[in-house]
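Asks: Structure here, sequence nowhere to be found:
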């Protein structure tokens, strides 16, 4: 179905739908898709992509979820790279038997650095919001992206240039001194940070802008998204969003730059989840087990709700359409209902209308609207994957029936299947 296309994996919900397990399977010998590299195209160290395979479990944050299968990772220019957390993740992977994890990694020199200064500022700002918290992960992502909009921000390539890096870190620290100084949060000295980032530069391969093309010459690329489309900085429900473009426009653009074609796989659960504050119209106490998700000190509670095809169709539309569905958590026992429409108090609503890109006023109106609706539920049929495919008008190409790689099943019904290796 997808020929020689590179594959883009996006979460159609609020995150935690199983992107990591999906990417791991796409990269595995079982799939035999000839994947040469996993390209991370958004987000940063706040990602939490759980993979269970070959008796091992790891929550991937910055390394690509194809690492257990030995597939290299490229952190693209759209990533926010946190070297200290990356080193710790490398140690955890090594302890799980991955040989030389950093040797599997290339980092685009243009990627922004997330520093302990950004992290301290992020936590101080969320603390100050009190009960009006946005639901941040507390990993400095928003501060990294925001600061770079108006300042000469530190990048990965600066790690090779101690004097340049020191000047940028000094300005960064001065900028945030009024916010961080009185707070309970701190960070290492600038001298210590410069030394650590020098060690990072010597330990990883900092790549130039030709790295993507070289990786594509070796085989198919899998572009691994982070977070969920419903948290997208411009398409999510403001202000409970991430400072990251989650929908696949940046991945598509990078693929076009190297003359390739893209096939987008949208990942969903059979029920809805989200961390912390923000709309979840079908929220209900489903009580389904979540061994890899819990309440976070900054994100807030992990919430569950019935399946919401209205939100999923909205996500597909703002993605510019998708080519195939991945349906996970088909082993969940209580996935019997879905939203057929919303009761708004003034009538029913079955579709959300996307606004113009970067229209945050429209996104705020959607937030306000979703915060007051009540779902009109209908039963899901005996074949949830087929039912979801029908409601979303997209074919299912892969299903997940448990947490392990062995629990993935490729669909081939009606001739729809994942592509053969290139």
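Replies: Noted; the coordinates are in hand. Small disclaimer: the values here were computed from a predicted structure and weren't measured. Residues are numbered from 1 along each chain as shown.
Asks: where in this structure is pLDDT low?
Replies: Filtered on pLDDT under 70, the chain yields the residue ranges 1, 130-137, 291-300, 333-335, 412-422.
Asks: Show me where it has its helices.
Replies: Ranges of helices within the chain are 19-27, 83-95, 116-129, 141-150, 162-180, 190-203, 211-218, 249-257, 309-318, 360-370, 384-392, based on DSSP state H.
Asks: now, of those, which is deepest in the fold?
Replies: Most buried of the helices of the chain, by mean neighbour count (mean count of other C-beta atoms under 10 Å): helix 19-27, with a mean of 28. From N, CA and C alone the C-beta is placed, and that goes for glycine too.
Asks: ok so, going back, a markdown table please, covering the helices of the chain and showing distance to residue 273.
Replies: Shown next, in a markdown table, are the helices of the chain (distance: least, C-beta to C-beta, whole Å):
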| stretch | distance to residue 273 |
| --- | --- |
| helix 19-27 | 13 |
| helix 83-95 | 23 |
| helix 116-129 | 21 |
| helix 141-150 | 20 |
| helix 162-180 | 31 |
| helix 190-203 | 34 |
| helix 211-218 | 32 |
| helix 249-257 | 23 |
| helix 309-318 | 12 |
| helix 360-370 | 16 |
| helix 384-392 | 15 |
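Asks: Among these, which comes closest to residue 401?
Replies: Residue 401 lies closest, by C-beta to C-beta, to one member of those: helix 384-392, at 9.8 Å.
Asks: Residue 152 reaches residue 165, doesn't it?
Replies: No - between residue 152 and residue 165 there is no contact under C-beta atoms under 8 Å: 11.4 Å.
Asks: circling back: quick one: closest of the helices of the chain to residue 38.
Replies: Among these, helix 19-27 sits nearest to residue 38 (C-beta to C-beta), with 6.2 Å.
Asks: measure residue 112 to residue 144 for me?
Replies: To residue 144, residue 112 is 5 Å away according to C-beta to C-beta, to the nearest Å.
Asks: try residue 101
Replies: Residue 101 sits 23 Å away from residue 144, going by C-beta to C-beta.
Asks: Give me the contacts around stretch 172-181.
Replies: Contact with stretch 172-181 is made by 115, 117-118, 120-121, 124-125, 143, 147, 151, 153-154, 186-187, 190, as judged by C-beta atoms under 8 Å, 6 or more residues apart in numbering.
Asks: Between those, which sits nearest residue 361?
Replies: Of these, the one sitting nearest to residue 361 (C-beta to C-beta) turns out to be residue 125, at 22.6 Å.
Asks: With adjacent residues omitted, what lies nearest to the closest one?
Replies: residue 179 (6.5 Å; C-beta to C-beta, 6 or more residues apart in numbering).
Asks: Buried ones in stretch 26-36, by neighbour count?
Replies: Residues of stretch 26-36 classed as buried: 26-28, 31, 33, 35-36 (neighbour count, 16 or more other C-beta atoms under 10 Å).
Asks: So which of those residues sit within strands?
Replies: Within the buried residues of stretch 26-36, residues falling in strands by DSSP state E are 35-36.
Asks: what would the buried residues of stretch 26-36 look like in TSV with distance to residue 331?
Replies: TSV is the format used below for those (distance: C-beta to C-beta, whole Å):
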residue	distance to residue 331
26	20
27	22
28	19
31	20
33	24
35	26
36	32
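Asks: So residue 118 sits against residue 145, correct?
Replies: No - contact between residue 118 and residue 145 fails when scored by C-beta under 8 Å: they sit 9.3 Å apart.
Asks: List the buried residues of stretch 393-408.
Replies: Here stretch 393-408 shows 394-401, 403-405, 407-408 as buried, counting by 16+ other C-beta under 10 Å.
Asks: can you give me how far that stretch is from the chain middle?
Replies: Remark: stretch 393-408 is offset 18 Å from the chain centroid, using C-alpha atoms, centre = their mean, to the nearest Å.
Asks: what do you get for stretch 144-159?
Replies: From the chain centre to the centre of stretch 144-159 is a distance of 21 Å (C-alpha atoms, centre = their mean).
Asks: mind listing the strands for the stretch 201-350 of the chain?
Replies: 205-207, 220-224, 262-268, 272-275, 302-305, 324-327, 337-343, 348-349 (DSSP state E, counting those that start in this stretch).
Asks: Which neighbours in the sheet does the last one have, and how are they oriented?
Replies: Using DSSP bridges, strand 348-349 pairs in its sheet with strand 337-343 (antiparallel).
Asks: by how many degrees do the partner strand and helix 384-392 diverge?
Replies: 20 degrees (axes from the mean of the first three to the mean of the last three C-alpha atoms, to 10 degrees).
Asks: residues making contact with strand 337-343?
Replies: Applying C-beta under 8 Å, 6+ apart, the contact partners of strand 337-343 are 281-282, 306-310, 348-350, 370, 373-380, 387, 391.
Asks: rerun that using 7 Å as the cut-off
Replies: 281-282, 306-310, 348-350, 373-380 (C-beta atoms under 7 Å, 6 or more residues apart in numbering).
Asks: Just the buried ones out of those, please.
Replies: Among the contacts of strand 337-343, those buried by neighbour count (16+ other C-beta under 10 Å) are 281-282, 306-310, 349, 373, 375, 377-378, 380.
Asks: so how many other residues sit close to the closest residue to residue 377 other than its chain neighbours?
Replies: Excluding the flanking residues, the one nearest residue 377 by C-beta to C-beta, 6+ apart is residue 337, at 4.4 Å. By other C-beta atoms under 10 Å, 18 other residues sit near residue 337.
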